[in-house]
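Participant: Model the structure of this input:
(2 chains)
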Amino acid sequence: DTAVSQTPKYLVTQMGNDKSIKCEQNLGHDTMYWYKQDSKKFLKIMFSYNNKELIINETVPNRFSPKSPDKAHLNLHINSLELGDSAVYFCASSQEALREVNRGKLFFGSGTQLSVL
Amino acid sequence: GQQLNQSPQSMFIQEGEDVSMNCTSSSIFNTWLWYKQDPGEGPVLLIALYKAGELTSNGRLTAQFGITRKDSFLNISASIPSDVGIYFCVLFMDSNYQLIWGAGTKLIIKP
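Facilitator: Alright, predicted model coming up:
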């Protein structure tokens, strides 16, 4: 069983559309994340979320919104897609918020390659 | 802001060669991590370093947390084809529990 799974693997869409990427983790982790990886492979945190708080990277446009129906899921909804949104989006999870002995230990999904035409 | 420099940007090596890459930071940190990203996949944690001077091995991989707490290196011995990918050094910020990712070292093995 895949620990962190996200769908779809590939998403091709037109500019202006609204789309969602789904993420599920079966590790029993409390905290989930969304990362964006650009064409130069640079990884940038977008959101971190647990049942207590949502931390948003202030550089993320408000067209992006995380939605968590329960602890095991964190979906990413994107409104009014733009060309610059094309990238690979990764979901990740960790046990608690990277504190103490678990600090730094993230488990990633295999990514969703978003192409906006 | 914090600066994290990772080098080299890419490496072209022959199978069987040893590999070395490193990261330096502008500030002192208490946790250094090394992740590997295979093509088409998400990053996977290889080694976590929590103590200055710590030397840790994971199979053919060895990583060290510099004594100054401002640098770390990752060595791969006797490289094999499945070692190809991007290696990231990552810092953990105690102040806000955030991670700072290096730009990555792309490892390519020449046929």
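Participant: got the contact list for whichever residue of chain B sits closest to chain A?
Facilitator: Closest to chain A within chain B is B:Gly42: 2.9 Å, counting by CB to the nearest CB. Heads up, the C-betas are built off the backbone N, CA and C, glycines and all. Residues near B:Gly42 by CB atoms under 8 Å, 6 or more residues apart in numbering or on different chains: A:4, A:90, A:92, A:108-111.
Participant: Can you lay out these as a markdown table showing pLDDT, distance to chain B and neighbour count?
Facilitator: Below are the contacts of B:Gly42 laid out as a markdown table (pLDDT from 0 to 100; distance: CB to the nearest CB, whole Å; neighbours: other CB atoms under 10 Å in any protein chain shown):
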| residue | pLDDT | distance to chain B | neighbour count |
| --- | --- | --- | --- |
| A:Val4 | 97 | 8 | 23 |
| A:Phe90 | 97 | 5 | 26 |
| A:Ala92 | 95 | 7 | 25 |
| A:Phe108 | 96 | 3 | 22 |
| A:Gly109 | 97 | 5 | 27 |
| A:Ser110 | 97 | 5 | 17 |
| A:Gly111 | 97 | 6 | 22 |
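Participant: which of these lies closest to A:Val12?
Facilitator: A:Val12 lies nearest to A:Gly111 out of the contacts of B:Gly42, by CB to CB, at 14.6 Å.
Participant: helices and strands of chain A: which one bottoms out on pLDDT?
Facilitator: Lowest by mean pLDDT, DSSP states H and E among the helices and strands of chain A is strand A:54-56, with a mean of 79.
Participant: got a list of contacts for the helix or strand following that strand?
Facilitator: On the C-terminal side of strand A:54-56, the closest following helix or strand by DSSP states H and E is strand A:64-70. Applying CB under 8 Å, 6+ apart, the set of residues contacting strand A:64-70 from outside is A:32, A:34, A:46-47, A:49, A:54, A:74-79.
Participant: Which of the helices or strands spans the residue nearest the centre of chain A?
Facilitator: When CA atoms, centre = their mean is applied to chain A, the residue found nearest the centroid is A:Trp34 (2.4 Å). For A:Trp34, the element it lies in under DSSP H and E is strand A:31-37.
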